[in-house]
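Visitor: Structure of the sequence below:
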Amino acid sequence: MAVTEQALLAALASVRDPHTGKDFVSTRALRDLRIDGGAVSFTVELGYPARSLEAALAGELEAAARTVPGVERASAAIATRIVAHAVQRGVQVLPQVRNIIAVASGKGGVGKSTTAANLALALAAEGARVGVLDADIYGPSQPMMLGISDRPESADGKTMEPLRNHGVQVMSIGFLVEPDQAMIWRGPMATQALEQLLRQTNWQDLDYLVVDMPPGTGDIQLTLSQRVPITGAVIVTTPQDIALLDARKGIRMFEKVGVPILGIVENMAAHVCSQCGHVEHIFGEGGGRRMAEESGMDYLGALPLDLQIRLQADSGTPTVAAAPDGEVAGIYRQLARQVAVKVAQQAKDFSSKFPTIAVSKDT
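Guide: So this is what the prediction gives:
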């Protein structure tokens with residue numbers, strides 16, 4: 001029996017994207033469908049990185065194709081194409097950065113920097129090109145967390161090369177000052193320094209730049225959210241009521257400047273005793289999930305209060321790099337895929353397609 005394209009598409013439409021719940025046929029993610037007698041081949045193009053899911057997804061698609069009478073062999077390839085998405089109006093985009101994800105919190109001490117580092121490493125582990133910008137001028141954490149102590153090089157004296165470790169590009173004010181030097185700067189100086197770090201770094205073809213924002217919602221944070229071309233923000237909180245109160249302020253700040261909230265991460269959600277296995281909710285239970293539901297936002301997941309997460313971050317090798325096959329790294333990778341899916345669902349950026357208009361006296 002001859003294999004028809006219609007029958008094959010109908011069979012492949014039964015396979016759903018595990019993150020969006022949509023099929024790959026109606027969303028036009030199916031590419032290069034070829035039928036050669038009893039052999040069929042095709043490509044499914046994802047808008048987000050999902051290396052850890054590719055083998056299982058390809059197997060599911062091939063199994064669906066083989067249900068069509070006449071199909072003897074099926075070959076599915078999974079490709080990833082990450083494009084730029086829209087940012088706030090009037091904010092200049094970065095030519096070598098497709099999407100900027102701000103990781104923010106309403107207050108300090110909730111594990112924002114640890115989450116930002118592991119989110120970046122998880123996106124990279126899933127196959128994306130990722131950078132990290134440490135925007136906390138007064139208390140930079142990323143040099144220590146990512147195990148980098150070098151100084152950036154500059155070939156022209158005007159721009160800097162990002163430093164690298166664990167497969168990500170990194171820039172921080174911490175690379176330019178001594179570790180124990182206090183940054184006694186007023187708000188405008190700190191804001192200008194951050195803009196220089198952002199725009200004078202030679203980022204190289206990044207799918208995502210993860211920005212570890214300063215804690216709080218003051219003048220510096222508001223100015224940054226207005227000047228940095230942000231695709232979306234991730235809010236980090238603990239289940240504690242006082243942390244949730246401040247996290248809501250962070251959400252309102254981003255809403256005022258037109259930055260979409262990609263979701264909420266509940267950090268230090270529960271502690272599991274390493275001796276007896278008892279689960280204790282030290283900072284409260286389910287507060288982040290309730291806030292997400294009340295705000296109509298996505299709940300991206302919960303991270304445990306785990307000694308190893310702290311030890312690994314302090315040692316310069318965050319959990320996703322230190323224990324990539326562990327349970328906690330799996331949570332971070334799931335979280336990263338959800339964030340990337342939310343980014344992929346944002347409006348696309350078409351600014352690069354607009355023509356350049358030149359005004360001349362001779363025309």
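Visitor: Could you use CA atoms for every contact and neighbour count after this?
Guide: Fine.
Visitor: Please name the residues that touch Leu198.
Guide: When contacts are counted by C-alpha atoms under 8 Å, 6 or more residues apart in numbering, Leu198 touches Leu133.
Visitor: list the buried ones in the helix or strand of the chain with the lowest mean pLDDT?
Guide: Lowest on mean pLDDT, DSSP states H and E among the helices and strands of the chain sits helix 219-227, with a mean of 81. Residues Ile220, Gln221, Leu222, Thr223, Leu224, Ser225, Gln226, Arg227 are the ones in helix 219-227 that count as buried (16 or more other C-alpha atoms under 10 Å).
Visitor: do the same with stretch 237-251
Guide: By neighbour count on 16+ other C-alpha under 10 Å, the buried set for stretch 237-251 is Thr237, Thr238, Pro239, Gln240, Ala243, Leu244, Asp246, Ala247, Arg248, Lys249, Gly250, Ile251.
Visitor: how many other residues sit next to the nearest residue in space to the third one that is not next to it in sequence?
Guide: Just to be clear, that refers to Pro239. Distance criterion C-alpha to C-alpha, 6 or more residues apart in numbering; nearest residue to Pro239, sequence neighbours excluded, is Gly287 at 4.2 Å. By other C-alpha atoms under 10 Å, 19 other residues sit near Gly287.
Visitor: for Pro18, same thing?
Guide: Neighbours around Pro18, by other C-alpha under 10 Å: 10.
Visitor: Now it. Its backbone dihedrals?
Guide: Main-chain dihedrals, Pro18, degrees, to the nearest 10: phi -60, psi -20.
Visitor: quick one: the strands in the stretch 201-350 of the chain?
Guide: 206-212, 232-237, 261-266, 271-272, 279-280, 299-302 (DSSP state E, counting those that start in this stretch).
Visitor: mind giving me CSV with these and columns for distance to Gly127 and mean pLDDT?
Guide: Putting those into CSV (distance: least, C-alpha to C-alpha, whole Å; pLDDT from 0 to 100) gives the following:
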stretch, distance to Gly127, mean pLDDT
strand 206-212, 10, 96
strand 232-237, 20, 95
strand 261-266, 20, 96
strand 271-272, 31, 87
strand 279-280, 34, 88
strand 299-302, 20, 94
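Visitor: out of the ones you listed, nearest to Ala329?
Guide: For these, proximity to Ala329 was assessed by C-alpha to C-alpha; strand 299-302 is nearest, at 12.1 Å.
Visitor: Give me the buried positions along that closest one.
Guide: With burial defined by 16+ other C-alpha under 10 Å, the residues of strand 299-302 counted as buried are Tyr299, Leu300, Gly301, Ala302.
Visitor: same check, this time on stretch 275-289
Guide: His281, Phe283, Glu285, Gly286, Gly287, Gly288, Arg289.
Visitor: For the residue lying closest to Phe283 once chain neighbours are set aside, give me its contacts.
Guide: Excluding the flanking residues, the one nearest Phe283 by C-alpha to C-alpha, 6+ apart is Gln240, at 4.9 Å. Listed by C-alpha under 8 Å, 6+ apart, the contact partners of Gln240 are Phe283, Gly284, Glu285, Gly287.
Visitor: which among those residues gets closest to Trp185?
Guide: Taking the contacts of Gln240 together and measuring to Trp185 by C-alpha to C-alpha, the closest member is Phe283, at 33.7 Å.
Visitor: Okay, that closest one and Ala269: tell me how far apart.
Guide: According to C-alpha to C-alpha, to the nearest Å, Phe283 and Ala269 sit 7 Å apart.
Visitor: Spell out which residues are contacts of both of the two.
Guide: Counting by C-alpha under 8 Å, 6+ apart, the shared contacts of Phe283 and Ala269 are Thr238, Pro239.
Visitor: one step back: inside helices: which ones of the buried residues of stretch 275-289?
Guide: Gly287, Gly288, Arg289 (DSSP state H).
Visitor: Pretty sure the last one sits against Glu266.
Guide: Okay, so that is Arg289. Yes - here Arg289 reaches Glu266: they are 7.5 Å apart, a contact under C-alpha atoms under 8 Å.
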